[in-house]
Structure formats: C-alpha cells, structure tokens
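Sequence first, then the predicted structure:
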Amino acid sequence: TSAPQGSNAHKADDDSFQPVDAPLFPIARIKRILAWDQVRKIGTGLINCGNTCFCNSVLQCLTYTPPLANFCLRREHSKRCERNANHNKGNFDAFATMEQHISDALTSSKSALRPQGIITSLRKIGPHFRLGRQEDAHEFA
C-alpha cells in the first residue's frame, strides 16, 4: 500500500543516500590529515599579558589541532604567500601571525612564551578588543 497523498509518510529509500562510485574523501586520506605528522613533546605554555586568558585559551586550542598545526609547521601559508608576491603586501596577515605562533609554541624549548604577535595585533583582529580588558574566548575565536 502507498501512503495517502499529502501525508508525512515516506518510503524508506526516499531519504537514503545513493551509493557513490568513488568517495569524495577516502577514509585513509582523512585519517592522515587528522593525525599529527610527527609525535611531539608537549609545547610551551603561554604567558598572560594582562587579561589575555581569553586569547591564550583559543590559541592553545588552535595550536593543538593537528591539521592546523601540521599545515602551519610545514609553513604552507608562507610558501603560498612567497609564490604570490602581491599577497597581502603591507597589510596585517592574521594567518601568517598564527602560523608563526604555532611554530614557536611547538618548537620552542622555553617553558612559556608571550604570544606577542597576536597580542600586539588584537585591534587588527577585532577592533573591539583592548589589551588589558577582560574578553570572552568565543568572541576571539
């Protein structure tokens, strides 16, 4: 029997996905992207530079996200910028600053770093941010 016209009843296969010939992202590639390129020791901590806990907590989350950390440690963004000589010339490059921060945090032998590149650029990241003023992490992310 079929469902009455206008009812919410559907045949089971109406809402199912059709099989694909080849997956868009093979599972092996996804696993490789999500894993660390190499096992590392725990990186350096971050110094609070006057109510910068909101910033430090977000930076630590991003720093320890394997796909982003791997990308930054390989300097992929910087390499692309070097190939494109006119890329962001003379302007603040938030991703380049983040790339440098992640590289510093994961390769430094210091016990703690000041995230100076990020902190000094807070107003460029968000005009409402003020050094020394308490902020929320979700506003920075």
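Here it is on my side, so go on.

Got phi/psi on residue 130?
Main-chain torsions, residue 130, degrees, to the nearest 10: phi -130, psi 130.

Could I get the full set of strands for the chain?
With strands called from DSSP state E, the chain shows them at 45-46, 112-113.

Packed most tightly, which of those would that be?
Looking across the strands of the chain with neighbours counted as mean count of other Cβ atoms under 10 Å, the highest average goes to strand 45-46: a mean of 18. Bear in mind the C-beta positions are built from the backbone N, C-alpha and C, glycine included.

ok now it, how far from the chain's centre?
For strand 45-46, the separation from the chain centroid amounts to 18 Å (computed by Cα atoms, centre = their mean, to the nearest Å).

what does stretch 38-49 give?
For stretch 38-49, the distance to the chain centre is 16 Å (Cα atoms, centre = their mean).

same question, stretch 61-81
Here stretch 61-81 shows a centroid-to-chain-centroid distance of 8 Å under the convention Cα atoms, centre = their mean.

residues in contact with it?
If you take Cβ atoms under 8 Å, 6 or more residues apart in numbering as the criterion, stretch 61-81 is touched by 33-37, 43, 87-88, 93, 95-96, 98-99, 101-103, 105-107.

Before I go, just wanted to say thanks for your time.
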